[in-house]
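> Quick one: sequence plus predicted model below, questions after.
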Amino acid sequence: MRDLFPGFETRTIETIGAEIFLRVGGSGPPVLMLHGYPQTHAMFHKIAPDLARNFTVVVPDLRGYGDSSCPANDPDNFTYSKRAMGQDMVHVMQALGFTLFNVVGHDRGGRVAYRMALDYPERVQRLAVLDIVPTHAMWHGLSVDLAMKVYHWLFLAQPSPLPEMLIARAPNDYQDYTMATWTKTHDLSAFAEDALRHYHRFFADPAHIKATCDDYRAGQTYDLHADEADFEAGNKITCPLFALWGDAGIPGETESPLEIWRQWGSRVSGMAIDSGHFVAEENPEATLLALVQFLTTKDG
């Protein structure tokens, strides 16, 4: 992994209920980068070193993923809620000396990121979400086409041990199939071999298989209820919000990703790029350019 993040240091920080593994590198304004499913912080290896030329870049593994710990879930799924994961990240950034920071989140990490912006508006300076729309919009707008593309939302949220039992029979085959089908080319050509080995190592662990299923169980319960409460109350994300998605990604199955985000934020911009779901690996050049422009533009 040192070759994927040259010059980055590794740390493990204990939070309330979890131990979070991370890499940190560069100098300048802090940028917290949060990965998604079924990956780890390694998904940012094509853009993090370039960002580190002008920013302090923090790339952690979410609880239940990668080299972070897998705490036992609780009945209401709070342990793997995006609120709990957001608390982890606020604690991590505080431990690193940052009380105000930018957040970039892809997939599940994007859900942690926007939950942080709602729960900790005094901490999140700017927010970029990569190839997602809010959990509320996903569940309440689940069309036939979208359900076929995100079948895993319903599968992984099933009670334990059904999804764990089925995935454990061929975890890396399942992981490869899932990732390939979400790319624009429907193969694994966008993923570096070293990164794939890293994803395989973590995902083959039964504790991580269960934890990542618990993540989706939280999405269908605790996270959805938290979104519904904010939506009904009219709560808005007040910091600048930038939505970036692949033109063949998951949000493309919704009516208008940008208009959906404008229901959630007061200062929203965004665009599609030539990519499937994994924008930072399928089209790192366009992703990096868009993020740098957003993070350095005065008005966001």
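Thanks, I have it. Numbers count the residues shown, from 1 in each chain.

> Contact partners for the one residue sitting closest to the centre of the chain?
A centroid search over the chain (Cα atoms, centre = their mean) returns G109, at 1.8 Å, as the residue closest to the centre. For G109, the contact set (Cβ atoms under 8 Å, 6 or more residues apart in numbering) comprises 33-36, 62. C-betas here are computed from N, CA, C, even on glycine.

> can you tell me which of these are in strands?
Secondary structure from DSSP state E places 33-34 of the contacts of G109 in strands.

> Would you format the contacts of G109 as CSV with distance to F203, neighbour count and pLDDT included?
Compiled in CSV, these are given as follows (distance: Cβ to Cβ, whole Å; neighbours: other Cβ atoms under 10 Å; pLDDT from 0 to 100):
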residue, distance to F203, neighbour count, pLDDT
M33, 20, 28, 99
L34, 18, 31, 99
H35, 13, 27, 98
G36, 13, 24, 98
L62, 13, 29, 99
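
> out of the contacts of G109, which one sits closest to T178?
Closest approach between those and T178, by Cβ to Cβ: G36, at 11.4 Å.

> Strands along the stretch 101-250 of the chain, start to end?
101-106, 124-130, 241-246 (DSSP state E, counting those that start in this stretch).

> Dump those strands to CSV, plus distance to Y222 and mean pLDDT.
CSV is the format used below for the strands of the stretch 101-250 of the chain (distance: least, Cβ to Cβ, whole Å; pLDDT from 0 to 100):
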stretch, distance to Y222, mean pLDDT
strand 101-106, 18, 98
strand 124-130, 19, 98
strand 241-246, 22, 98
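
> H208 is nearest to which of those?
Per Cβ to Cβ, nearest to H208 of the strands of the stretch 101-250 of the chain: strand 101-106, 18.1 Å.

> May I have that closest one exported as CSV, CA atoms only?
C-alpha atoms of strand 101-106 as CSV (Å, rounded to 0.1, in the frame of the first residue of the first chain):
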residue,chain,number,x,y,z
PHE,A,101,-12.4,20.5,7.2
ASN,A,102,-13.6,19.6,3.8
VAL,A,103,-15.2,16.2,3.1
VAL,A,104,-15.3,14.1,-0.1
GLY,A,105,-17.3,10.9,0.1
HIS,A,106,-18.0,8.2,-2.5
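
> Please give the centre-to-centre distance between it and its chain.
Chain-centre distance of strand 101-106: 9 Å, with Cα atoms, centre = their mean, to the nearest Å.

> how much does that strand deviate in direction from strand 241-246?
Angle, strand 101-106 to strand 241-246, by axes from the mean of the first three to the mean of the last three Cα atoms, to 10 degrees: 20 degrees.

> ok, now which ones touch the residue lying closest to A248 once chain neighbours are set aside?
Nearest non-adjacent residue to A248, counting by Cβ to Cβ, 6 or more residues apart in numbering: K184, 4.2 Å away. By Cβ under 8 Å, 6+ apart, the residues touching K184 are 246-248, 274-276, 282.

> try I250
By Cβ under 8 Å, 6+ apart, I250 lies in contact with 131-132, 146, 149-150, 182, 277.

> Stretch 214-231: which residues count as buried?
Buried residues in stretch 214-231, counted by 16 or more other Cβ atoms under 10 Å: 214-224, 226-227, 230.

> sorry, that was for stretch 168-181
Residues of stretch 168-181 classed as buried by neighbour count (16+ other Cβ under 10 Å): 171, 174-176, 178-180.

> export these to JSON lines and tack on distance to W264 and pLDDT?
What follows is the buried residues of stretch 168-181, written out as JSON lines (distance: Cβ to Cβ, whole Å; pLDDT from 0 to 100):
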{"residue": "P171", "distance to W264": "34", "pLDDT": "98"}
{"residue": "Y174", "distance to W264": "32", "pLDDT": "98"}
{"residue": "Q175", "distance to W264": "30", "pLDDT": "98"}
{"residue": "D176", "distance to W264": "33", "pLDDT": "98"}
{"residue": "T178", "distance to W264": "27", "pLDDT": "97"}
{"residue": "M179", "distance to W264": "27", "pLDDT": "98"}
{"residue": "A180", "distance to W264": "31", "pLDDT": "98"}
